[in-house]
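J.: Quick check, what structure comes out for this input:
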Amino acid sequence: MSEQLEGYVIYSKEYNNEIPFGVVSNDYECNAITNYIPSRLKEYLVEIEDKRFFEHNGIDLKGISRALVENVKAGKIVQGGSTITQQLARNILKDNRKSLLRKVRETIKAIQLEKRYSKEEILNLYFNNVYFGKNLRGIRAAGLYYFGKEVEKLNQSELLYLLTIIRGPNFYTQKPEIAAKRLHFISNSLHDKKLISRNRNQKNLKAKFNISNNQLLNIKSVSVPFITENTDSNKKKIVSTIDLKIQNFAKQFVSDSKYPVSIIAIKNNKVVAFASSYGTDYPFIYKSNVGSTLKPFLYCYLRDNGVTKFEKFNAYKNNFNWEVREVGSYKSQLNLSEALFYSNNNTFLNAANNTNIEESLSYLANIFNHDKKEFYPSSILGATKNGISLFELASAYSTFFSPKNLSDSKIECLSILNRIFADKLGFTIENAFLKTGTTNDNKDRFAILGEAELTFAVLRNENELNDESKEGGFIFQIRRSFSSFFNTDKNYKWI
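T.: Numbers count the residues shown, from 1 in each chain. Presented below is the predicted three-dimensional model:
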């Protein structure tokens, strides 16, 4: 189903406004599609690019001959012989090489298009596939990028501007004076052919363009179901759950990182932001072990199932005789509160084993809605059979610690996570929380942090800079980026 949404524009809802911020695209190009192409725009295109469009079968021999004569007269290329159908073929093939092979392929494709589609359908395909520079394809993507408008809201001057840059978008957008001259030429030509009025032509000649360069995020189709609020198939439009302020913060967080990172934010059980060095699908599809980020869930389970607040466990050895890595040496015996704060593995292994480790594993499986068979004793340390995605991790925290669903053990756990927040980030916010986790060899590093309604999950991959410390520069980046974000509002309350 998500594949069928390719080319849909994704909007963020801001108060009563809907703001476009992305396009469903599995390609590096931003190709937004639309069912609405103004009939006048099609008329203008035919007049400017291919006057015999409705007469030829995709190849206009007369047009080629005429262009050849004019080019010989001028001693340079002043006219092109390509029909609209050939231009469409070139855009579909995505091949702009000046070679005989390309021309042959383009010609064959043009003839195939003419046999398969009506002239009207070819014009619609043209405007949904034509290249507009900046990795933009289609009139809709161009309108949103250059003017921040859907096609139906573009005025005639703006439509003519887009027609103007079709022949060389990267050239014309860099040469506004030359673009203006060509637009004036096109407008005067259309006026001479009585396709636009004298008054309209005068307005076009006086038009001043405020090019906005609105960046549109390419969003992989697999990510779409996680952020969709509702879908309009007629308008090829998706209204998302994304909060643009938080989304911009997430994008900046990734941009500022010297390491490959991914981030996702969930507010009131909805994804409100996501970004990744590896593509927009990564926070949803990449699964790995999640280290100590599972300890808060286990803490609550153990406290609810007989482990007292002051009960001590061996912090140096465990009953499984496993060699596990610890952050450092503290006391030989730790209670659960101390073990959660210091992220001590041995204490949690011993506490779980002394209680009912199988029930602990079932508890974790239920939280993540995974099959119980995916969890085994080493899951106490964050390892699972198929891994956990960043989205699943953030969702689990968001749901588990929802203000509407707090038990005494969860409130107790959150108070410890609040101390971790203050200890690692160096500033205090009432009820804000933080839990970090690492996998073997520090390959993946996690941080889950947030407040009553908003939960962030952050993943850093790889160890490019040979950072051998447990958290190293990762926590420094978290501290630097989130200090400004959280300090904008200190009124965070769970209860």
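J.: center of the protein - which residue?
T.: T280 (3.9 Å; CA atoms, centre = their mean).
J.: Where does the prediction get shaky in the stretch 251-400 of the chain?
T.: Scanning the stretch 251-400 of the chain for pLDDT under 70 picks out 327-329.
J.: And the strands in it?
T.: 261-267, 270-276, 287-288, 313-314, 333-334, 388-389 (DSSP state E, counting those that start in this stretch).
J.: Could you do the stretch 51-200 of the chain as well?
T.: Going by DSSP E, counting those that start in this stretch, the stretch 51-200 of the chain shows strands at 136-137.
J.: low-scoring stretches of it, by residue?
T.: Short version for the stretch 51-200 of the chain, where the test is pLDDT under 70: 63-81.
J.: Recalculate using a threshold of 90.
T.: 57-82, 94-104, 106-107, 167 (pLDDT under 90).
J.: Please parse the protein into its domains.
T.: For the chain, the structural domains run 1-32+216-242, 33-206, 248-486, going by automatic domain parsing.
J.: mean confidence for the first one?
T.: What that stands for is domain 1-32+216-242. The average pLDDT within domain 1-32+216-242 is 92.
J.: what's the distance between it and the middle of its chain?
T.: Domain 1-32+216-242 sits 10 Å away from the centroid of its parent chain (CA atoms, centre = their mean, to the nearest Å).
J.: start the count at 101, not 1, going forward
T.: That works, and once the first residue is 101, the last one we named lands at domain 101-132+316-342.
J.: just to revisit the earlier point, report the contact partners of the residue nearest to the centre of the chain.
T.: L317, N318, I319, K320, S323, F374 (CB atoms under 8 Å, 6 or more residues apart in numbering). C-betas here are computed from N, CA, C, even on glycine.
J.: Just the ones of those residues in strands?
T.: L317, N318, I319, F374 (DSSP state E).
J.: From K294, how far out is the residue nearest to the centre of the chain?
T.: 48 Å (CB to CB, to the nearest Å).
J.: same deal with F501?
T.: Note on F501: its distance to K294, by CB to CB, is 68 Å.
J.: Would you mind telling me which of the two has the busier surroundings?
T.: Neighbours were tallied for F501 and for K294 using other CB atoms under 10 Å; the higher tally belongs to F501 (24 against 8).
J.: I'd say the more buried one and K510 touch.
T.: Yes: at 6.1 Å, F501 and K510 qualify as touching, with contact defined as CB atoms under 8 Å.
J.: leaving aside the residues next to it on the chain, what's closest to F349?
T.: Excluding its sequence neighbours, the residue lying closest to F349 (CB to CB, 6 or more residues apart in numbering) is F585, at 5.8 Å.
J.: Could you check the angle the helix or strand containing the one you found makes with strand 361-367?
T.: Secondary structure assigned from DSSP states H and E places F585 in helix 572-586. For helix 572-586 against strand 361-367, the angle by axes from the mean of the first three to the mean of the last three CA atoms, to 10 degrees is 30 degrees.
J.: Just the CA atoms of helix 572-586, as CSV, please.
T.: These are the backbone C-alpha positions of helix 572-586, laid out as CSV (Å, rounded to 0.1, in the frame of the first residue of the first chain):
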residue,chain,number,x,y,z
GLY,A,572,32.2,9.8,24.9
GLY,A,573,31.3,12.5,22.4
PHE,A,574,27.8,11.1,22.0
ILE,A,575,26.7,12.4,25.4
PHE,A,576,28.4,15.7,24.6
GLN,A,577,26.3,16.1,21.5
ILE,A,578,23.2,15.2,23.4
ARG,A,579,24.0,17.8,26.1
ARG,A,580,24.8,20.5,23.6
SER,A,581,21.8,20.0,21.4
PHE,A,582,19.1,19.3,24.0
SER,A,583,20.1,21.9,26.5
SER,A,584,18.7,24.6,24.3
PHE,A,585,15.7,22.5,23.2
PHE,A,586,14.5,21.6,26.8
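J.: quick one on the thing from earlier: next, give me the two most distant ones among the contacts of T380.
T.: N318 and F374 (13.0 Å; CB to CB).
J.: neighbour-wise, which of those two wins?
T.: More crowded of N318 and F374, by other CB under 10 Å: F374, with 30 against 17.
J.: returning to that earlier point: wait, which of the strands of the stretch 351-500 of the chain is closest to H284?
T.: Across the strands of the stretch 351-500 of the chain, closest to H284 is strand 370-376 (CB to CB), at 42.0 Å.
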